[in-house]
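Enquirer: Quick check, what structure comes out for this input:
(3 chains)
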Amino acid sequence: MLLSLQDVRKTFGGLAAVDGASLSVGSGEVHGLIGPNGAGKTTLLNMISGLIPPTAGTIVLDGERIDGMPSHVVASRGITRTYQNIRLFPALTAADNVLVGAHLRRDAPLWRRMLFLPSAAVEERAAQDASLALLARVGMSGQAGERASNLSYGDQRRVEIARALASEPRVMLLDEPTAGMNPAEVVAIAELIRSVARTGHSVLLVEHNVKLVMDVCDRITVLDFGKVIADGTPTEVARDPAVIAAYLGGEAAA
Amino acid sequence: MSLESLQDIWLTYQSTVAFIGLNGLLALSVYTTLSCGQLSLAQAGFMAIGAYASTILTFHTGLPFAVNLAVATLLPALVAIPLGLPVLRLKGVFLAIATIGFGEVVRLFFVNLDFTNGALGLTAVPQRTSMWMIYAALGAALFVLWRIRGSRTGHALEAIREDEPAARTMGIDAARYKLAMLALGASFAGLAGALEAHYTYMVSPSTYSFSRVVDMLVYAVVGGTGVFYGPVVGATFLTALPEVLREVSSRIGLAPGPVRLFVNGLVLLLVILFLPEGISSLPRRVRGALQARRRARAS
Amino acid sequence: MGQQIVNGLFLGSIYALFALGYTLVFGVLDILNLAHQAVFMICAYAALVLVVHLHMPMFVAFPAAVLLGGILGMGVDRIAFRPLRGRSDSNIAGLISSIALATILEAVVSQIFGPDVERFPLGSVPTRTLHIGDAVVSELQIVIIAIAAAMLLGLTWLLRRTRLGRRIRAVAESPKAARVLGVDVDWIISASFFVSSALGAAAGILFGLAFNNVAPDMGRSVELKGLAVIVLGGMGSMPGAALAGLALGLLEVFTVAFIGSSYRDAVAFGVLFLVLVLRPRGLLGSAALREA
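Expert: Below you'll find the predicted structure:
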């Protein structure tokens, strides 16, 4: 398994937000993480990406323990993410946001630029081209020069995905990537997630849109009150009585 | 205009021209740390370290001035690193307060140092700074900041300024960049301190007080911190302004000191309230307004 | 020894008054009001003018100047802080706009009074001295400590027992929640500035009396001391600021007595620096380090 979590716990002032969760994501797998509001999904992503340390448990990426590592080191090991509440750099253009995402992939020592070496200009041009290509991949090539804060909600989400892809992550964590999107945009995102997985990246997807999760995920883990209540293929999970009771039942009836 | 009258004008204003350069360099030193979102107010302390180090070398060694300046540039950066390691973990006003504390500790260290004549400081420092050195230093600082802009490093700094945790999850080692910028800003301040000491013939602890840092911050903010040359624009404007004001205030019978303070304060207040990107953003704003009007007329 | 303790408490009570005002605004708004020192200075001048030129007795001039301080504080809020509220960089911008306002006020005062030190006339304050144990205590010192203590108790009562105090604390906790509960947040912030600046004004007048020294730049060194005090006490903590103020006063007096007068200020900033590095939340600060 590429990424595996073992008995991960996080308590805030005595309350357990995540209460001993375990899950594994394989190479090239799209893994769904679902559950009612407050189930601990975002807390779990925050622990994986190193924003907060787990209270207990281990997180292992390709044989290396990454729990407790600072977030920039976790990123350098190959995990990047998007945020539920979108955290683009608002004053930067869409293209520059993606360029920041490529930080780890760039070999651009400052002294070369200080000396006006041609190699510096070549590298910059290549990095800019790559970021434009990524924007095209998420359908945003028309707005590359636009300030991130001027983009619509759905467009910001797509730029954020492009930014996460720019680091060529081994595992990409997507936190509700389709929130606030219309059905046509959701279809495009589903296609994008599949294409990301086809090129060998793994995806851990937190999502409220059950249909999307059922469509694109290879496996699904269901979290409720910080505990894993089910884990399996979409069909297995959909039939699980505990899941129907806790989550899917409520949504399906609504 | 005759050659003599031109010479007179130069003699009258040459120290203003020198201080425009020095203040520009100091404003850049504040800007450098501000460019990744960190407000450091330790700059007067770094300036003092540079000024004292170079002056001591001038008095006690026969080293060439270039070596003294190099020491004055590097030493503050070396001090900035152990300072920054704990202090840069603080955010916003906490960082500002901690660096004010550091600046005052440095100043009071020199007040209590007998070797450098305590609170009185050292006078009769040989004048070794020439005008071209000041502007070469300013040019070098501007060059470095200009080349950082748009580079991988420059993008990382912008990302840290905008959203540090998000920048870190992109793999940016924010602590290292913040430390590097603190050290770079410290070296600008140290160099300015050394050049100033060898221009004004003196070093004294009172030169490096809290109000000096406030001046630097005012230059940077008034000029605008959105672009790397903004702080120099601000320093030029606010250093040249008192020369104009001196004429005006003597005509209307007000003391020049308070008038200078008043105008500085007023300009700063107006800029922060109505022109948050500083006066260097004025041309862009005017152009934008004109374009909007043209578009409105066309439609 | 007793003498030093009395002198330290005397100095410390002025620091505490000044810092309480500082920390009150920080507690409510999470901003540093660097124009606090200008109010401190102007109100010392105001008291001086009332006593010297309008021949008022001190016990009338003091409350009048304190009231003026409070009103000035509301003006500071209106000019330097309210227009910036809601801007993303409002913390740093507010810091800078309050510096600007302080500079303007200091310039106006220097223009009117000149840069020289002004003094209260003889007889405007009590000058007799008492002996308590081995310490010589002036009546002035006792009056100053008593006024500081009374204002400290008054502030505690205001914040704990009155409707206004409860609302101030609600806004400090969460402006959003307070607004939902029907609190007029802008008005409460104004009121906080009034109280804060009245305390700063009182500190300024007492400082002017204590050292019989009123000058346009008198606020500057106290401003930095005040920062040290509120950091030491824990940003936003009222009891912390009061205790830290007294502690700094004692520390300075003992430094002068046992190490030397030139190290007096170094102690304050050394402490400030160490506290921020080792224990950023201060002695009594409960909250974790705020994101700012």
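
Enquirer: which residues in chain A form strands?
Expert: Assigned by DSSP state E, chain A shows strands spanning A:3-12, A:15-25, A:30-34, A:56-61, A:64-65, A:79-81, A:171-175, A:202-206, A:219-224, A:227-232.

Enquirer: State the mean pLDDT of the second one.
Expert: In this case it means strand A:15-25. Taken as a whole, strand A:15-25 carries a mean pLDDT of 91.

Enquirer: tell me the contacts of residue 167?
Expert: Looking at chain A here, since you left the chain open. A:Ala75, A:Gly78, A:Thr80, A:Gly101, A:Ala102, A:His103, A:Leu104, A:Arg105, B:Met170, B:Gly171 (CB atoms under 8 Å, 6 or more residues apart in numbering or on different chains). Heads up, the C-betas are built off the backbone N, CA and C, glycines and all.

Enquirer: wrong one, I was asking about chain C
Expert: Counting by CB under 8 Å, 6+ apart, C:Arg167 makes contact with C:Ala178, C:Val183, C:Ile188.

Enquirer: Which pLDDT value goes with B:Glu277?
Expert: Note on B:Glu277: pLDDT of 87.

Enquirer: Check B:Val248 too.
Expert: B:Val248 is assigned a pLDDT of 80 by the prediction.

Enquirer: Could you measure from it over to B:Thr236?
Expert: B:Val248 sits 19 Å away from B:Thr236, going by CB to CB, to the nearest Å.

Enquirer: and if you look at C:Asn212?
Expert: Applying CB to CB, the value for C:Asn212 to B:Thr236 is 43 Å.

Enquirer: Comparing these two, which shows the higher neighbour count?
Expert: B:Thr236 (21 against 15; other CB atoms under 10 Å in any protein chain shown).

Enquirer: does that one belong to a helix or a strand, and which?
Expert: Element membership for B:Thr236 (DSSP states H and E) is helix B:230-252.

Enquirer: What angle do helix B:230-252 and the helix or strand following that helix make with each other?
Expert: Next in sequence after helix B:230-252, counting helices and strands by DSSP H and E, comes helix B:256-274. Helix B:256-274 and helix B:230-252 are oriented at 140 degrees to each other (axes from the mean of the first three to the mean of the last three CA atoms, to 10 degrees).

Enquirer: other SSEs contacting helix B:256-274?
Expert: Helix B:256-274 sits against helix B:210-223, helix B:230-252, helix C:90-113, with contacts defined as 3 or more CB pairs under 8 Å, 6 or more residues apart in numbering or on different chains; DSSP states H and E.

Enquirer: Deepest-packed of those helices, please.
Expert: With neighbours defined as mean count of other CB atoms under 10 Å in any protein chain shown, the helices and strands packed on helix B:256-274 peak in mean count at helix B:210-223, which reaches a mean of 25.

Enquirer: Run the angle between it and helix B:230-252 for me.
Expert: The directions of helix B:210-223 and helix B:230-252 differ by 110 degrees, with the same axes, to 10 degrees as the criterion.

Enquirer: May I have helix B:210-223 as CSV, with CA atoms only?
Expert: Coordinates of each C-alpha in helix B:210-223 appear next as CSV, following Å, rounded to 0.1, in the frame of the first residue of the first chain:
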residue,chain,number,x,y,z
PHE,B,210,12.8,53.1,18.0
SER,B,211,11.8,56.3,16.2
ARG,B,212,14.4,55.5,13.5
VAL,B,213,12.8,52.2,12.7
VAL,B,214,9.4,54.0,12.6
ASP,B,215,10.9,56.3,10.0
MET,B,216,12.1,53.4,7.9
LEU,B,217,8.7,51.8,8.1
VAL,B,218,7.0,55.0,7.2
TYR,B,219,9.2,55.3,4.0
ALA,B,220,8.3,51.8,3.0
VAL,B,221,4.6,52.1,3.6
VAL,B,222,4.2,55.5,2.1
GLY,B,223,6.1,54.4,-1.0
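
Enquirer: other SSEs contacting that helix?
Expert: For helix B:210-223, the packing partners by 3+ CB pairs under 8 Å, 6+ apart come out as helix B:3-34, helix B:43-60, helix B:92-111, helix B:230-252, helix B:256-274, helix C:90-113, helix C:218-233.

Enquirer: One more pass at 6 Å, please.
Expert: On a contact count with 3 or more CB pairs under 6 Å, 6 or more residues apart in numbering or on different chains; DSSP states H and E, helix B:210-223 meets helix B:3-34, helix B:43-60, helix B:230-252, helix B:256-274.

Enquirer: and the next element down the chain from the shortest one?
Expert: Yep, that's helix B:43-60 we're talking about. In the C-terminal direction, the helix or strand that comes right after helix B:43-60 (DSSP H and E) is helix B:65-87.

Enquirer: how far out from the middle of the chain is that following helix?
Expert: Centre-to-centre, helix B:65-87 and its host chain are 16 Å apart (CA atoms, centre = their mean, to the nearest Å).

Enquirer: Please enumerate residues in contact with that helix?
Expert: The contact list for helix B:65-87 (CB atoms under 6 Å, 6 or more residues apart in numbering or on different chains) reads B:46, B:49-50, B:53-54, B:57-58, B:98, B:102, B:128, B:179, B:182-183, B:186-187, B:190-191, B:194, C:277.

Enquirer: relative to helix C:90-113, how tilted is the helix holding B:Thr236?
Expert: Using the same axes, to 10 degrees: helix B:230-252 against helix C:90-113 is 20 degrees.

Enquirer: Can you show me the helices along the chain?
Expert: All of this is about chain A. Applying DSSP state H to chain A gives helices spanning A:41-48, A:71-76, A:94-101, A:110-114, A:118-137, A:153-166, A:183-198, A:210-216, A:234-239, A:241-243, A:249-253.

Enquirer: oops, I was thinking of chain C
Expert: Taking DSSP H as the test, the helices found in chain C are C:2-29, C:36-52, C:58-76, C:90-113, C:139-161, C:163-173, C:175-180, C:185-211, C:218-233, C:238-258, C:264-278.

Enquirer: tell me what the fifth one is packed against?
Expert: In this case it means helix C:139-161. Using 3+ CB pairs under 6 Å, 6+ apart: helix C:139-161 touches helix C:2-29, helix C:185-211.

Enquirer: redo that, cut-off 7 Å
Expert: helix C:2-29, helix C:163-173, helix C:185-211 (3 or more CB pairs under 7 Å, 6 or more residues apart in numbering or on different chains; DSSP states H and E).
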